[in-house]
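Chemist: A structural model of the following input is requested.
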Amino acid sequence: MGTPIEWLARPVSVAIVLFARAITAVRAIWPESGMQTRRCVYFANHSSHGDFILIWTVLPPRLRRRVRPVAGADYWLKSPLNSFIGRDVFNAVLIERDREARKEDPVTQMTQALDAGSSLILFPEGTRNLTEQPLQPFKSGLFHLAQARPDIDLIPVWIDNLNRVMPKGEFVPIPLICTVTFGEALHIDEAEEKTEFLARAEAALLALAPKRAGD
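Modeler: A predicted model of the protein is given here:
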């Protein structure tokens, strides 16, 4: 039957998808191998709180239902509304970013979600990129997750234009077409060092970024 919260979360999730499509006209660009249907980790660039919503939106419902974003607990638990959206609508894996306040290891939280059959959306930069650079250096979480579950497909995903839809400091979205480009799966190589792996993952993600005039 489901709880009242679960019943409320379902129409809210549909409304969020419809709103995201209306504002961004988002479209997915899939690799030659096609849409990933197996359990996986999507790792993406991060410039907006709405980034994972676009990835979530372009996935078909049968995949969307088992995809969980990895997000900061400090943001998604700061109010009852945020908590409802983060926990109940998106079923996010909420990570405590304050190391001293942590009661659970983030990699353990993510591997438990994968082992339970979920896919994950992960932002390896760790925080929103508000710089002029296309990417910030990756944190080590993606490397440790890849080490812990080397069989899991790691899918690079480039989100384009969302930072222009909702610029920093603005509260009203500006309608613009957004794209979500999926790359081919990566896996960590045996004995691959952290620096080498993260550089390879960054390069795979940057390769999906659209080329603009002057680039």
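Chemist: going forward, measure contacts and count neighbours with C-alpha atoms only.
Modeler: OK.
Chemist: helix or strand right after the helix or strand of the chain with the lowest mean pLDDT?
Modeler: In the chain, the helix or strand scored least confidently by mean pLDDT, DSSP states H and E is helix 162-165, which has a mean of 56. The helix or strand immediately downstream of helix 162-165 is strand 179-182, counting by DSSP states H and E.
Chemist: That following strand - what's its average pLDDT?
Modeler: For strand 179-182, the mean pLDDT works out to 96.
Chemist: Residue 43 belongs to a helix, doesn't it?
Modeler: No - assessed by DSSP: H, G, I helix; E, B strand; the rest coil, residue 43 does not belong to a helix; its assignment is strand.
Chemist: ok, now which ones touch it?
Modeler: Residues in contact with residue 43 (C-alpha atoms under 8 Å, 6 or more residues apart in numbering) are 121-124, 154-157.
Chemist: Apply 10 Å and report the result again.
Modeler: 52, 120-125, 142, 154-158, 182, 201-202, 205 (C-alpha atoms under 10 Å, 6 or more residues apart in numbering).
Chemist: can you tell me which of the residues you listed are in strands?
Modeler: Those of the contacts of residue 43 mapping onto strands are 120-122, 154-158, 182, per DSSP state E.
Chemist: And those, which is closest to residue 209?
Modeler: Residue 209 lies nearest to residue 158 out of those, by C-alpha to C-alpha, at 6.1 Å.
Chemist: what's around the closest one, how many residues?
Modeler: 24 (other C-alpha atoms under 10 Å).
Chemist: same deal with residue 30?
Modeler: That count, for residue 30 with other C-alpha under 10 Å as the rule, works out to 15.
Chemist: which residue packs closest to it, ignoring adjacent ones?
Modeler: Using C-alpha to C-alpha, 6 or more residues apart in numbering and skipping residues adjacent in sequence, the residue nearest residue 30 is residue 182, 5.2 Å away.
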